[in-house]
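> Sequence and computational prediction follow.
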Amino acid sequence: MPESVYPPSSPDLARKRRELAPDIQAAFHAFSELVFAEGALAVKTKQLIAVAAAQITQCPYCIKGHTIAATKHGATPQEIMEAIWVAAEMRAGGAYAHSVISLATMNAEQQRHEP
């Protein structure tokens, strides 16, 4: 199996990212802290949402980090797996919902070619 195209996270890469755009990095970090703070939604719930979203965006770093964070905040393996299944259904649901574009296009093409 080939090596991943994603380099492993490292303190050196994190430092380099901070050095190249320190203000933006700080703003992103502050935004992330606020988003994942306890609020109307519990932190565990927010992390389960993040696990699901990470599956859809297919970010390996996010999948790993938010799975760890969800577990740290009390999510069970069953809850994490259910969140992943919700993501899978939503991803498949998007393809299903957008099928109407193909159906409408086929109908339009058929009508265009009819005498």
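Here it is on my side, so go on. Residues are numbered from 1 along each chain as shown.

> how near is Ala52 to Thr67?
Relative to Thr67, Ala52 is positioned 11 Å away (CB to CB, to the nearest Å). (Each C-beta comes from the backbone N, C-alpha and C, glycine too.)

> ugh, wrong one, Arg17
22 Å.

> These two - which one has more neighbours?
Thr67 (21 against 13; other CB atoms under 10 Å).

> And the more buried one, how far from Ala53?
For Thr67, the distance to Ala53 - CB to CB - is 12 Å.

> now do His73
16 Å.

> what does Ser9 give?
Taking CB to CB, one finds Ser9 at 19 Å from Ala53.

> Kindly report the same for Gly93.
15 Å.

> neighbour count winner among the two?
Ala53 (16 against 10).

> just so I have it, where are all the helices in this structure?
For the chain, helices defined by DSSP state H occupy the ranges 11-20, 22-35, 43-57, 60-72, 77-113.

> Burial check on Ala40, number of neighbours?
By other CB under 10 Å, the burial measure for Ala40, its neighbour count, is 6.

> same thing with Ala14?
Neighbourhood size, Ala14 [other CB under 10 Å]: 11.

> Renumber starting at 55 from here on
Sure, I'll start counting at 55 from here, so that last one is Ala68.

> need the contact list for it.
Applying CB atoms under 8 Å, 6 or more residues apart in numbering to Ala68 gives no contacts.

> how close does it get to Lys118?
The value you get for Ala68 to Lys118, if CB to CB is used, is 15 Å.

> any low-confidence regions in this protein?
Within the chain, the stretches with pLDDT under 70 are 55-56.

> Now the residue most central in space within it: closest residue in space that isn't a chain neighbour?
Geometric centre of the chain, nearest residue: Ala108, 2.4 Å, by CA atoms, centre = their mean. What sits nearest to Ala108 in space, not counting adjacent residues and going by CB to CB, 6 or more residues apart in numbering, is Cys116, at 3.7 Å.

> Quick check: that neighbour vs Glu163, distance?
Distance from Cys116 to Glu163, by CB to CB: 40 Å.

> Looking at those two, which has the bigger crowd around it?
Cys116 (15 against 10).
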